[in-house]
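>>> I'd like to go over a predicted model; first the sequence, then the structure.
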Amino acid sequence: MSDTMIYGYDLVKEYSISRGMFKPKELLRAVGGVTLQVNKGEVLGLVGESGCGKTTLARLILGMIPPTAGSVEISGQNINKLARLERAKTIQPIFQDPYSSLNPSKTIGSILTLPLRIQRDRESHSWEKRVRQTMDLVGLAQRMYNQYPNQLSGGQRQRVAIARALITRPAVVVCDEPTSALDVSVQSQILNLLKDLREELNLTYVLISHNLAVVQHMATRVAVMYFGHIVEEEKTNILFERPKHEYTKKLLGSILVPDPNKRIFNKKQ
Amino acid sequence: MIDKKEVVLEVKNLSIDIPVSQGVLHAVENINLHVGRGEILCVVGESGCGKSLTSLAIMGLLPKNAQRTAERLELNKKDLQELTERQLADIRGNRMAMIFQEPMTSLNPSFTIENQLLEPLLRHKELSKADARNQVIEMLELVGIKPAEPRLRQYPHQLSGGLRQRVMIAMSLLCNPDLIIADEPTTALDVTIQAQILELMMSLQEKFNTGILFITHDMGVVANIADRVAVMYAGQIVEEGPVSEIFNNPAHPYTRGLMGCIPVPGKVGQDNHLGTIPGMVPSVVNDFKSCRFGGRWDENYKENFKPCRLTEMPNSRRSYEVNLNEKHLVHFCCDECLHLSEHSLLEGSG
């Protein structure tokens, strides 16, 4: 179980931002020296406030953007030296908004076949079968094969996004806020599905979320990011019980527990 | 304690119909709610259940094609339906104010904070500009923007999301309204900022004794701030009661399902699955031919009870309400749901 799946070493990503026509460019350090390791079968939860570099780190891990310094290895191979097709076979993303991440003019069947076509999968006769199997896997009805994204609900679209990520059988899936655009009753369905799939396909997840309850429910380990750095990283139950860093304490202190007996605000009567 | 307080907002049998190409969309159907002075009523529900339209209907800001009918729609015992657009404008922002979800789109990007905050005061109160300005500064400091003076010259884009929402709250409180309608005011904010904003809203609400109609889908927020809760499903309020009752003793199958879906910190272990509500929200276009909650009963219910088999509504406008106790009201869409749930209610209490 302790095979290293993702190893990011001293990752730095800087963006230069223009402050005006004649002013010198300024460097923005979105990720400033992050080292992280995710073992096979683990779920690493990344939490932190907006703008702290969670998504940039996810994009670095996915190899979508090259790091300014440092390197990412996925099962021992440097992600930026892998060919794009090879990379896509090992690691896949699931994005936040299922309304904008699916092409509205393509049917579900063709959206799900696209990864196979891009991979130039040899067994083209089995494409449809495999797409239909994956649809079963994520709980999409077969009749949706010929439907378009606008005919589907938000939860169903997110299932399509998950199916698309899984069709090439990757080892790692990076989920960037997979449920924050969904209603709670749909969120619970998607979280249950992600959990089942992880066991069934022995997947490794990197889960980004600002919803701490979701992270606590899903993650085996949690990394707390603050201003481009990981300030604390610990097993989930330990982190939630005994946070060490001040920022983590503040973050956990602002969780609103859905139980009226555990209010964090004191209302004077 | 709350029931003795005067009622600020009273809504009775409010319906909102929107004509669409396939017929009529009953976005909101016969809902009743009231907010007392100094009380927070949270309206929860999933997207499309009609909670935002309800708030717009109260403010008189519905889209033009939407039709609002209500038996009663009163703010401080004054009927809002009889007012002309002009009279309504005197009340909006003055006696009732609204805080929207996204502070960036609800502030005007081309005016300074000072300009936008002075407007409600100059419109509704007979104040000199200097006096109004002093009040604005005072209010900004009250919502935690200190020092306030340099902020007055800034534009919305120069402020962070949390600061913008504070400005919105300051704006809504300027005329000391009786009712504030807050439509998901913290959804776009980070958790730490969310906690700050909510705490601020609660302390100010106590200070000014304002009634708040708080619309949200976040059960965590509800549990932390609400006095009473109204749960909406497919255009109806299915359950209403004090916050402790709704969380500890939910009666309607939908409320129970919703409670089971939320990952509760510390309660849901790594190995457990979250509860789900099977099926999908029904379409609210045209009249309901069968039960709104049919087919969505959870597994445990199925074992004990038959799912609702009612195929024809006796009268779609009829309501079935059960008073669990004085304040806890459950609303069923049909005989069968009522029958089945009464069954479960008896078991739950026994």
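Noted; the coordinates are in hand. Model, not experiment: these values are computed from the prediction. Numbers count the residues shown, from 1 in each chain, chains lettered A, B, ... in the order given.
>>> which helices and strands sit right next to the host helix or strand of residue B:254?
Residue B:254 is part of helix B:253-261 when elements are defined by DSSP states H and E. Helix B:253-261 is packed against helix A:184-201, strand B:228-233, strand B:236-242, helix B:335-349, with contacts defined by 3 or more C-beta pairs under 8 Å, 6 or more residues apart in numbering or on different chains; DSSP states H and E. To be clear about C-beta, it is placed using only N, CA and C from the backbone, and glycine gets the same treatment.
>>> how about the helices in chain B?
For chain B, the helices defined by DSSP state H cover B:51-59, B:85-91, B:103-106, B:113-124, B:129-142, B:149-152, B:161-173, B:191-208, B:219-225, B:243-248, B:253-261, B:299-304, B:335-349.
>>> cool, and the stretch 51-200 of chain A?
A:54-62, A:84-90, A:108-118, A:127-137, A:154-166, A:184-201 (DSSP state H, counting those that start in this stretch).
>>> Quick one, which of those gets closest to chain B.
Minimum separation from chain B across the helices of the stretch 51-200 of chain A (C-beta to the nearest C-beta) falls at helix A:184-201, 3.8 Å.
>>> For the stretch 51-200 of chain B, what lies in contact range of chain A?
B:161, B:190-196, B:198-199 (C-beta under 8 Å from any C-beta of the partner chain).
>>> any chance of these in JSON lines, plus neighbour count?
Formatted as JSON lines, these follow (neighbours: other C-beta atoms under 10 Å in any protein chain shown):
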{"residue": "B:161", "neighbour count": "18"}
{"residue": "B:190", "neighbour count": "20"}
{"residue": "B:191", "neighbour count": "21"}
{"residue": "B:192", "neighbour count": "16"}
{"residue": "B:193", "neighbour count": "20"}
{"residue": "B:194", "neighbour count": "23"}
{"residue": "B:195", "neighbour count": "22"}
{"residue": "B:196", "neighbour count": "18"}
{"residue": "B:198", "neighbour count": "22"}
{"residue": "B:199", "neighbour count": "17"}
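>>> With pLDDT as extra columns, can I get these in CSV?
Listed next are these as CSV, based on pLDDT from 0 to 100:
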residue, pLDDT
B:161, 84
B:190, 83
B:191, 87
B:192, 86
B:193, 85
B:194, 89
B:195, 90
B:196, 88
B:198, 92
B:199, 91
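>>> circling back to that earlier point, what are the C-alpha coordinates of the helix holding residue B:254, in CSV please?
C-alpha atoms of helix B:253-261 as CSV (Å, rounded to 0.1, in the frame of the first residue of the first chain):
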residue,chain,number,x,y,z
PRO,B,253,-39.6,12.3,4.4
TYR,B,254,-37.8,15.0,2.3
THR,B,255,-36.4,16.8,5.4
ARG,B,256,-35.2,13.5,6.7
GLY,B,257,-33.6,12.6,3.4
LEU,B,258,-31.9,16.0,3.3
MET,B,259,-30.5,15.6,6.8
GLY,B,260,-29.1,12.2,5.9
CYS,B,261,-27.3,13.6,2.8
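>>> That helix - what's its average pLDDT?
Summarised as a single mean, pLDDT over helix B:253-261 is 85.
>>> Low-confidence ranges, the chain, go.
No chain was given, so I picked chain A. Applying pLDDT under 70 to chain A flags the ranges A:1-2, A:266-269.
>>> if you could check chain B rather than the one you did, that'd help
Checking chain B against pLDDT under 70 turns up B:1-5, B:266-271, B:289-290, B:294-295, B:297-320, B:334-350.
>>> Pick out the residue closest to the middle of it.
residue B:215 (2.7 Å; C-alpha atoms, centre = their mean).
>>> what's the nearest residue to residue B:221 if we skip its chain neighbours?
Computed as C-beta to C-beta, 6 or more residues apart in numbering or on different chains, the closest residue to residue B:221 that is not its neighbour in sequence is residue A:256, at 5.6 Å.
>>> just residue B:110 next, same as before
Of all residues not flanking residue B:110 in the chain, residue B:155 sits nearest, at 7.7 Å (C-beta to C-beta, 6+ apart).
>>> how far away is that neighbour from chain A?
17 Å (C-beta to the nearest C-beta, to the nearest Å).
>>> give the contact list for residue A:120.
Counting by C-beta atoms under 8 Å, 6 or more residues apart in numbering or on different chains, residue A:120 makes contact with residue A:85.
>>> From chain B, how far out is it?
Taken as C-beta to the nearest C-beta, the span from residue A:120 to chain B is 38 Å.
>>> who's in contact with residue 215?
All of this is about chain A. Taking C-beta under 8 Å, 6+ apart as the definition, contacts of residue A:215 comprise A:45, A:47, A:207, A:209, A:222, A:236.
>>> I was after chain B.
Residue B:215 neighbours (C-beta under 8 Å, 6+ apart): B:42-44, B:51-52, B:54-55, B:181-184.
>>> what's across from it in the sheet?
Residues in a beta bridge with residue B:215, per DSSP bridges, are residue B:43, residue B:183.
>>> How about residue B:7?
Beta-bridge partners, per DSSP bridges, of residue B:7: residue B:36.
>>> Is there a neighbour count for it? I'd like the number.
Burial of residue B:7 is recorded as 16 neighbouring residues (other C-beta atoms under 10 Å in any protein chain shown).
>>> looking at it, it is touching residue B:34, isn't it?
Yes: counting by C-beta atoms under 8 Å, residue B:7 touches residue B:34, with 5.1 Å between them.
>>> need the strands for the stretch 151-269 of chain A, in chain order.
A:172-176, A:204-208, A:221-226, A:229-235 (DSSP state E, counting those that start in this stretch).
>>> Show me which residues of the last one are buried.
Within strand A:229-235, the residues that qualify as buried by neighbour count (16 or more other C-beta atoms under 10 Å in any protein chain shown) are A:229-234.
>>> Format the residues you listed as TSV; extra columns: distance to residue A:36.
As requested, these are exported to TSV (distance: C-beta to C-beta, whole Å):
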residue	distance to residue A:36
A:229	11
A:230	7
A:231	12
A:232	12
A:233	7
A:234	13
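>>> Output these in JSON lines; the columns should cover distance to chain B.
Shown next, in JSON lines, are the buried residues of strand A:229-235 (distance: C-beta to the nearest C-beta, whole Å):
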{"residue": "A:229", "distance to chain B": "17"}
{"residue": "A:230", "distance to chain B": "18"}
{"residue": "A:231", "distance to chain B": "14"}
{"residue": "A:232", "distance to chain B": "15"}
{"residue": "A:233", "distance to chain B": "18"}
{"residue": "A:234", "distance to chain B": "15"}
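>>> quick one on the thing from earlier: around the residue nearest to residue B:110, count how many other residues there are.
Neighbours of residue B:155 using other C-beta under 10 Å come to 15.
>>> Got phi/psi on it?
phi -100, psi 160 (degrees, to the nearest 10).
>>> Surely it touches residue B:109?
Yes: judged on C-beta under 8 Å, residue B:155 makes contact with residue B:109 at a distance of 6.6 Å.
>>> check contacts around residue B:114.
B:133, B:136, B:152-153.
>>> at 7 Å what do you get?
B:136, B:152-153 (C-beta atoms under 7 Å, 6 or more residues apart in numbering or on different chains).
>>> Would you confirm that residue A:179 contacts residue A:188?
No: look at residue A:179 against residue A:188 with C-beta atoms under 7 Å: they stay out of range, at 8.6 Å.
>>> Can you tell me how far residue B:23 is from residue A:102?
The gap separating residue B:23 from residue A:102 is 29 Å, by C-beta to C-beta, to the nearest Å.
>>> Of those two, which one has the most company?
For residue B:23 versus residue A:102, the count of surrounding residues by other C-beta under 10 Å is larger for residue A:102: 20 against 11.
>>> From chain B, how far out is the nearest residue to that one once chain neighbours are set aside?
Among residues not flanking residue A:102 along the chain, residue A:149 sits closest, at 4.3 Å (C-beta to C-beta, 6+ apart). Note on residue A:149: its distance to chain B, by C-beta to the nearest C-beta, is 16 Å.
>>> Can you give me every residue that contacts residue A:149?
The contact partners of residue A:149, by C-beta under 7 Å, 6+ apart, come to A:102, A:104, A:157.
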